[in-house]
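Visitor: Sequence and predicted structure below; questions after.
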Amino acid sequence: MSDLIRLNASELVELLAKGEISSVELTQAHLDQIAKVGDAVHSFLHISGESALATARDVDSRRAAGEKLADLAGVPIAVKDNLTTTDAPTTAGSKILEGWIPPYDATVVTKLRNQMLPILGKTNLDEFAMGSSTEFSAFGPSKNPWDLTRIPGGSGGGSSSVVSSFQAPLAIGSDTGGSIRFPGAVTGTVGIKPTYGAVSRYGLIALASSLDQIGPVARNVLDAAYLQDAISGHDPHDSTSLPGSLGSMVEAAKRGSLKGKKVGLIKQLSGDGFQQGVRNRFAEALKLITDAGAEIVEVDCPSFEYAIDAYYLILPAEASSNLAKFDSVRFGMRVSPKGNPTIERVMAATREAGFGPEVKRRIILGTYALSSGSFDKFYGAAQKVRTLIQRDFDAAFAKADVLVSPTAPTTAFKFGEKVSDPLAMYLNDIATIPANLAGIPGISVPIGLADEDNLPVGIQFLAPAHEDARLYEVGAALEGILEGIWGKRMMDFAPELKVN
Amino acid sequence: MSEITPELVRHLASLSRIDLDEAEVARFTEQLAVIVDSVAKISQAIDGNTPATSHPIPLANVFRPDVVEPSLSQEQALSGAPDSGQGRFRVAAILDEE
């Protein structure tokens, strides 16, 4: 294995700037790794080797000519396949969009192109990002590089498995209820959901518009900071895009400190019912946080009890509306029943053939939640619970700078364990969902391996809206302390990936 | 006791324009009943005075100057269509013959 691919993005930034490595050799090293492990891990739905190398050559010749380039220029990246790209198919993991080449680039993709990051390809996801395991991808699941019989998290399991198998140092994810943070936790990587609106959603195939947020996937906190700085900023194409800047995440990560911070331990997410190994690592991390000069305070968020219920009403409701556009008219699949069918019958046949089971389930649930007899009882009530959850967060952040919990109740589960039990799959998101309902930012940082299965465990920090920098500051501090204790990086614990 | 019946699932699927087969109707009836029973407790959490939140970060209306900007060409807009002709999306009959 080439040493280049094991380096962190922030190290690559330095080496590229000094001219010690070229972007072409770096990009080629990652393409070689994709060729070697790609089939076994199944992270990519599309690989763009040629165009990635073309970008890399451009970076190298401009650097050689003395041109000043963006920090991440020349650092390869993978992009989740629910972001539109004009030079590669965009499927969102669905048969209904198989082969579709969008007529415009997502704003995030435009930013990556402008800053000259070679885009290696498009990563796998649960269909339309509905799921926690990638088992609902129409194109087959991605595997967890720590154990190929286990899930890499979802929906962004393609992106998490890419960075944890060294196929790319960075990737883009999207997080509607934990789809960046949960995959990060179960693959020993870092994932961040920024404040709602910090990164433009233009060109993100919408799941639930009031919850969706694009964010960075990386192997370390500083790397993620570079990526968030590169993709964030106001975008007139997205009316929910935040005006102004949230400041430099790179500076916050480099500052990395826990001293004097008040860290709120969420009573409702402090580990009751969580896997013992997750609780053990979490308890140790809290001790380290205290030793580093932070103060742990308990905070009470009673409405979190209803967060999953609210989420699984709001998300399907918004999704049922957002997915109405897949109607066999303007793009995607068309299935025509025999005879002389009307357009309505063509739509119904197309959507039956093109959508997978979880998508159908959620569209029907959302249609129910929005229907006239049920609206007040379900969707209306869920929106009110959303207010209560925001109030819980407001009260908690009056006492604490950041909040903390395990990212997920368990480590990576086996394929097939939860796929036929929707409710069990949904409960997985218990710690990540409240942040999406309130629009606040969250980070998952690896804190070691669970005793019973030697699989990665993640800790989640949450901050008030617009205070993403706090996550990078405390996340980088804890990561630094842990790496000091381990004498190595989290991914150095991973067993060698066995490929045929 | 759940109000999710096969008839209701068929009706919702029809509103959603999804042509479910009978095996799916049976499976979704069972699964949706479990999900709906579970989320139904949400109404206990609120009272009449709780305001609703539809959007996590309040933003005032967003406007831009009313100036024509570049957008997709007709060709680009039609590029992904399953069927098109004469610069338009071509679809099956909108109305039944009845």
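Guide: Happy to help now that I have it.
Visitor: Spit out the contact partners of B:Ile94.
Guide: If you count contacts by C-beta atoms under 8 Å, 6 or more residues apart in numbering or on different chains, B:Ile94 has them with A:342-343. C-beta: built from backbone N, CA, C; applies to glycine.
Visitor: what's the spacing between it and B:Ser16?
Guide: B:Ile94 sits 19 Å away from B:Ser16, taking C-beta to C-beta, to the nearest Å as the criterion.
Visitor: And the helices in the stretch 401-500 of chain A?
Guide: Along the stretch 401-500 of chain A, counting by DSSP state H, counting those that start in this stretch, helices occupy A:422-427, A:433-438, A:468-486.
Visitor: same question, the stretch 1-150 of chain A
Guide: In the stretch 1-150 of chain A, helices defined by DSSP H, counting those that start in this stretch lie at A:9-18, A:23-41, A:49-64, A:107-114, listed in chain order.
Visitor: ok, for the residue in chain B that chain A sits nearest to, nearest residue in space, not its chain neighbours?
Guide: Distance from chain A to each residue of chain B (C-beta to the nearest C-beta) is smallest for B:Pro56, at 2.6 Å. The spatial neighbour of B:Pro56 that comes closest, neighbours along the chain excluded (C-beta to C-beta, 6 or more residues apart in numbering or on different chains), is A:Gly439 at 2.6 Å.
Visitor: which phi and psi does the one you found have?
Guide: Main-chain dihedrals, A:Gly439, degrees, to the nearest 10: phi 80, psi 10.
Visitor: Tally up the residues packed near it, please.
Guide: 26 (other C-beta atoms under 10 Å in any protein chain shown).
Visitor: What's the end-to-end length of stretch B:38-52?
Guide: Distance between the two ends of stretch B:38-52: 21 Å, counting by C-alpha to C-alpha, to the nearest Å.
Visitor: Return the residues in contact with residue 27.
Guide: No chain specified, so I'll use chain A. Contact partners of A:Thr27, counting by C-beta under 8 Å, 6+ apart, are A:52-53, A:55-56, A:74, A:76, A:118, A:120.
Visitor: not what I meant, chain B
Guide: Contacts for B:Arg27 were tallied using C-beta under 8 Å, 6+ apart; they are A:Pro357.
Visitor: Which secondary structure state is assigned to it?
Guide: Local secondary structure at B:Arg27 is given as helix here, using DSSP: H, G, I helix; E, B strand; the rest coil.
Visitor: tell me the contacts of the residue sitting nearest the centre point of chain A?
Guide: For chain A, the residue whose C-alpha lies nearest the mean C-alpha position (C-alpha atoms, centre = their mean) is A:Ile180; its distance is 1.9 Å. Residues counted as contacts of A:Ile180 (C-beta under 8 Å, 6+ apart) are A:156, A:159, A:173-174, A:191-193, A:215-217, A:444.
Visitor: let's go with 10 Å and repeat that
Guide: A:80, A:153, A:155-156, A:159-160, A:171-174, A:189-194, A:213-217, A:224, A:432, A:442-444 (C-beta atoms under 10 Å, 6 or more residues apart in numbering or on different chains).
Visitor: Sort out which of these are buried, if you could.
Guide: Those of the contacts of A:Ile180 that meet the buried threshold are A:80, A:153, A:155-156, A:159-160, A:171-174, A:189-194, A:213-217, A:224, A:432, A:442-444, by 16 or more other C-beta atoms under 10 Å in any protein chain shown.
Visitor: so which of those are also by chain B?
Guide: A:Gln213 (C-beta under 10 Å from any C-beta of the partner chain).
Visitor: Can you tell me which of the buried ones among the contacts of A:Ile180 end up in helices?
Guide: Mapping the buried ones among the contacts of A:Ile180 onto helices (DSSP state H) picks out A:159-160, A:224.
Visitor: Nearest to chain B among these?
Guide: A:Ala224 (21.3 Å).
Visitor: residues in contact with the nearest residue to A:Ser248 once chain neighbours are set aside?
Guide: The spatially closest residue to A:Ser248, leaving aside those adjacent along the chain, is A:Asp229, at 6.1 Å (C-beta to C-beta, 6+ apart). For A:Asp229, the contacting residues are A:70-72, A:216, A:245-253, A:472, taking C-beta under 10 Å, 6+ apart as the criterion.
Visitor: Ranking by neighbours, what's the top pick from those?
Guide: Going through these with other C-beta under 10 Å as the criterion, the one with the most neighbours is A:Pro216, at 33 neighbours.
Visitor: Any idea what that one is bridged to?
Guide: Note on A:Pro216: beta-bridge partners by DSSP bridges are A:Ile172.
Visitor: my guess is it contacts A:Pro169, does it?
Guide: No - in this structure, A:Pro216 sits apart from A:Pro169 without contact. The criterion is C-beta atoms under 10 Å, and the distance is 11.1 Å.
Visitor: Any chance you could list residues touching both of the two?
Guide: Shared contacts of A:Pro216 and A:Pro169, counting by C-beta under 10 Å, 6+ apart, come down to A:9, A:77, A:163, A:223, A:226-227.
Visitor: Output the residues you listed in CSV, with neighbour count, distance to A:Ala29 and pLDDT appended to each entry.
Guide: Putting the shared contacts of A:Pro216 and A:Pro169 into CSV (neighbours: other C-beta atoms under 10 Å in any protein chain shown; distance: C-beta to C-beta, whole Å; pLDDT from 0 to 100) gives the following:
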residue, neighbour count, distance to A:Ala29, pLDDT
A:Ala9, 26, 14, 98
A:Ile77, 29, 14, 98
A:Val163, 34, 15, 98
A:Asp223, 28, 17, 98
A:Tyr226, 26, 19, 98
A:Leu227, 30, 19, 98
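Visitor: now those as JSON lines including distance to chain B?
Guide: Output for the shared contacts of A:Pro216 and A:Pro169, formatted as JSON lines (distance: C-beta to the nearest C-beta, whole Å):
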{"residue": "A:Ala9", "distance to chain B": "29"}
{"residue": "A:Ile77", "distance to chain B": "25"}
{"residue": "A:Val163", "distance to chain B": "27"}
{"residue": "A:Asp223", "distance to chain B": "26"}
{"residue": "A:Tyr226", "distance to chain B": "24"}
{"residue": "A:Leu227", "distance to chain B": "21"}
